[in-house]
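Student: What follows is a predicted protein model with its sequence.
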Amino acid sequence: MREPLSVVVTTYNSADTLEACLGSVDWADEIVVLDSGSIDATAAIAQRHGARVHVQPFAGYSAQKQAAIDLARHRWVLLLDSDEALPPGASEAVQHVLEEPACAGYQLWRREWVFWRWQSPRARLNHYVRLFDRGRARMSGHSVHESVRVDGPVGTLDVVLDHYGEADISGRVDKANRYSSLQAAGDARRLRGRLGWRLVAYPSIAFLRYYLLRGHWRAGWAGFIAARVHAFYAFLKYAKLHEARVRAAQGAPRHPRQR
C-alpha cells in the first residue's frame, strides 16, 4: 500500500496555466491550493478539480510555499508551481516510489517553454526536489529561487515536469526586473568587497553558461533571446547592488526631488 499524497500549489492569477497543472494531478489523494488573492478564475478552477483552497496575503515566495506545505494533511507532498504540469504517465512513477520510499525526497526534471517553443530535448534540464516527506523538509527561505531543503537522502525520479513560465519576452523581462530587485536586497547582506568585476564580467558569463553550456543554442532564436534576458537579469542584480551601496555611502535620496 502506498503512502497517501498531498499535491500543494501556490497561486496568484494563475488561470492561464492552473487547468493543466491540476489536471495532471487529479489522481492525488489531496490537492491544496494556497492563493494570494487572485481576481481571475483561479479559485473556480481549483475548486472544479476538488482542491482545498485557502487564501492568505503573499508572504514571499519561500514563506508562501512553506505555509502551503504546512496545510497538507498527508506526510508526503508533491510541490508544484501553478505554471507546471506533470506529463501523462507520471502518476505511475510517483505512486510506485511512494509504495516504499527509500529517500526523504526526490528530484524531478523540468523542461522549459521558451517563448514560442519547448527547449531542445538535447539541452540540459534543471532538476528540483518536489516530492518529499514534509516531516523532513523545509523551504530554504531565499527571497527568490527558493528550494526544498531535505534532511536525509535525495533520489531522482525519471519524470520531466513541463514548465510553461512566461508567455512572452515582455513577461520574462518583467520577471527579471522583479527578481533582480529581490535578489539584490538579499545579496546585499551576504556579498562583501568590490562589485566592479561582477558587474562587468558576470553578465557575459551568465549568457555563455545559459546559451552554450546548458545547450539553449539548440532552440534557435528563442534560446538566444532567453539567454540574453538571463544575462540582463544578472546585470540588473549587480547594478542594483551597486546603486544601493552608493546611496548608502552618500546618503543620497532616490531622486533629487526627494529632499
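Tutor: That came through fine.
Student: Wasn't residue 10 part of a helix?
Tutor: No. Judged by DSSP: H, G, I helix; E, B strand; the rest coil, residue 10 forms no part of a helix; its state is strand.
Student: Can you tell me how far it is from residue 36?
Tutor: Residue 10 sits 7 Å away from residue 36, going by Cβ to Cβ, to the nearest Å. Where you see a C-beta, it was placed from the backbone N, CA and C, and this is true even at glycine.
Student: Need the residues touching each of these two.
Tutor: Common contacts of residue 10 and residue 36 (Cβ atoms under 8 Å, 6 or more residues apart in numbering): residue 64.
Student: ok, for residue 43, nearest residue in space, not its chain neighbours?
Tutor: Spatial nearest neighbour of residue 43, chain neighbours left out: residue 53 (5.7 Å); criterion: Cβ to Cβ, 6 or more residues apart in numbering.
Student: Name the residues of the helix or strand hosting the one you found that are buried.
Tutor: Using DSSP states H and E, the element containing residue 53 is strand 52-55. Residues of strand 52-55 classed as buried by neighbour count (16 or more other Cβ atoms under 10 Å): residue 53.
Student: so how far is it off the chain centroid?
Tutor: Its chain's C-alpha centre and that of strand 52-55 lie 20 Å apart, by Cα atoms, centre = their mean, to the nearest Å.
Student: likewise stretch 87-105?
Tutor: Here the centre of stretch 87-105 is set off from its chain's centre by 21 Å, with Cα atoms, centre = their mean.
Student: Give me the buried positions along it.
Tutor: Across stretch 87-105, burial judged by 16+ other Cβ under 10 Å covers 90-91, 93-94, 97-98, 101, 103-105.
Student: before we move on, what about stretch 69-87?
Tutor: Buried residues in stretch 69-87, counted by 16+ other Cβ under 10 Å: 69, 71-72, 74, 76-86.
Student: now, which of these lie within helices?
Tutor: residue 69 (DSSP state H).
Student: Go through the buried residues of stretch 69-87 and name the one nearest residue 198.
Tutor: Closest approach between these and residue 198, by Cβ to Cβ: residue 81, at 28.6 Å.
Student: I figured the closest one hits residue 162, correct?
Tutor: No. Because the distance of 10.9 Å does not satisfy Cβ atoms under 8 Å, residue 81 is recorded as not touching residue 162.
Student: list the contacts for residue 124?
Tutor: Residue 124 touches 213-215, counting by Cβ under 8 Å, 6+ apart.
Student: Work out the sheet partners of the strand holding residue 53 and label each with its direction, please.
Tutor: Pairing partners of strand 52-55, with direction, according to DSSP bridges: strand 30-35 (parallel).
Student: Could you give the average pLDDT over the strand it pairs with?
Tutor: Across strand 30-35, pLDDT averages out at 98.
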